[in-house]
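Undergrad: Coordinates for the following, if possible.
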Amino acid sequence: MRAIPITVTALAAALLLTACGSGGSGGGDDTGSKNTDGTACRIGDLGVQVGPANTAPAAGDSGDVPVTLSNHGAQCTLQGFPGVELAAASTSATVAADRAGAPQKLTLAKDATATFTLTYVRGKEGDPNSLAAKTLKLTLPGATDSKSFTWSYGPVQGKKNATDPNATVTAFTQAGD
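TA: Numbering: from 1, shown residues only. Predicted structure coming up:
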């Protein structure tokens, strides 16, 4: 007879815990990616390594900048595309998602890693259609925090102008074993 009240109490407690979120409001995600299960990775909780890059040596050449994310905390998920912004003194530009690859939902256990790549076309120094980028700002889907890094790979050519960079970012992929 006592098993029923304990079972009902345990079930009620489980439902209450399930209703509680664990962060990840979904704000700040302008890439069209959604991560609504409350376990979104937060960039401030991950180790982030930008590069080493395959830099574009001259104007008109393409370069690739790999970014590696290492989870040193609790399990979290990445789904969609990272938010990437390049900034110069008073100008910033959002890097478009490379839709050639379909994004997957990745679960990052403790000490697991994921990567993505930013590909860009180097612009001419002083060209008004090039963004003289100095900062790379990263955000993750489902989280509002960001992390900034020094951009040392030269100006980025614009498609139409400096605020429309000729650059793309891939979806997240699992790295390592």
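Undergrad: separation between the closest residue to K159 other than its chain neighbours and G176?
TA: The spatially closest residue to K159, leaving aside those adjacent along the chain, is N166, at 5.1 Å (CB to CB, 6 or more residues apart in numbering). All C-beta atoms are positioned from the backbone trio N, CA, C, and that covers glycine. Counting by CB to CB, to the nearest Å, the gap from N166 to G176 is 31 Å.
Undergrad: most centrally placed residue in the chain?
TA: With distances taken as CA atoms, centre = their mean, P82 lies nearest the centre of the chain, 2.4 Å away.
Undergrad: so that residue makes contact with F172?
TA: Yes: between P82 and F172 there is a contact under CB atoms under 8 Å: 7.0 Å.
Undergrad: where do the contact lists of these two overlap?
TA: F116 (CB atoms under 8 Å, 6 or more residues apart in numbering).
Undergrad: Which one's more surrounded, N166 and G176?
TA: Using other CB atoms under 10 Å as the criterion, N166 and G176 rank with N166 on top: 21 against 10.
Undergrad: so how far is D145 from the more buried one?
TA: 28 Å.
Undergrad: repeat for L131
TA: Applying CB to CB, the value for L131 to D145 is 24 Å.
Undergrad: So for those two, which residue has more residues nearby?
TA: Shown here are L131 and D145; by other CB under 10 Å, L131 has more neighbours (27 against 13).
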